[in-house]
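Trainee: show me the folded form of this:
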Amino acid sequence: MLTIRSMSISDLENIKTILESDFDDFWNYNIFYQELQNVNSEYFIALKNNEIVGFAGIWISVDDIHITNIVTKKVYRNHGIGTKLLNHLITTAKAKKLSSLTLEVNETNKSAISLYEKHHFQKIGQRKNYYKQNENAIIMTYYF
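Mentor: Just a heads-up that it's a prediction; the model follows:
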């Protein structure tokens, strides 16, 4: 069974290996440590049999929530964990009564784009050379 709960500083040691092996090199222990102390940020972890198998985060602004990341351990991908994390973020945003939920996704990440489209996110723009390998990001928004 999968459970989702708020991330705490004590979880950082456990996600360190996910950050190093399954995610980009921008998000590291120190950035997460700072994020967990930011009053405008919220992060969640997905647990399966007490193992952290994924995490997701948001930044809350005036009337929008920005998804900072949704990460699933590689060995657990395509098991619905990203979908459950996304659903949790959507529920969180709706509860805060904000107008939209926005994210950037690598234009080459077809499975993530498909997931967001299934959840009624709309492509609203592009950020050129957003990622390290000069890959573009697609900006997608879910309007409430």
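Trainee: got a list of contacts for the lowest-mean-pLDDT helix or strand in the chain?
Mentor: Comparing every helix and strand of the chain by mean pLDDT, DSSP states H and E singles out helix 12-22 as the least confident one, with a mean of 75. Residues external to helix 12-22 that are found in contact with it (CB atoms under 8 Å, 6 or more residues apart in numbering): 7, 27-29, 32-33, 36, 45, 52, 54-55, 71-74. Heads up, the C-betas are built off the backbone N, CA and C, glycines and all.
Trainee: now, of the residues you listed, which are buried?
Mentor: The neighbour-count criterion (16 or more other CB atoms under 10 Å) marks Met7, Trp27, Phe32, Leu36, Ile45, Ile52, Gly54, Phe55, Val71, Thr72, Lys73 among the contacts of helix 12-22 as buried.
Trainee: in helices, which of those fall?
Mentor: Per DSSP state H, helices hold the following members of those: Phe32, Leu36.
Trainee: from the buried ones among the contacts of helix 12-22, which is closest to Leu85?
Mentor: The nearest member of those to Leu85, counting by CB to CB, is Gly54 at 5.8 Å.
Trainee: in the sheet, who's paired with that closest one?
Mentor: Counting by DSSP bridges, Gly54 is bridged to Ala46, Thr72.
Trainee: give me the pLDDT value at it.
Mentor: You'll see Gly54 listed with a pLDDT of 90.
Trainee: surely it is in contact with Leu86?
Mentor: No. Applying CB atoms under 8 Å, one finds Gly54 not in contact with Leu86, separated by 10.5 Å.
Trainee: next, show the common contact partners of these two.
Mentor: Here Gly54 and Leu86 have Ile70 as joint contacts, going by CB under 8 Å, 6+ apart.
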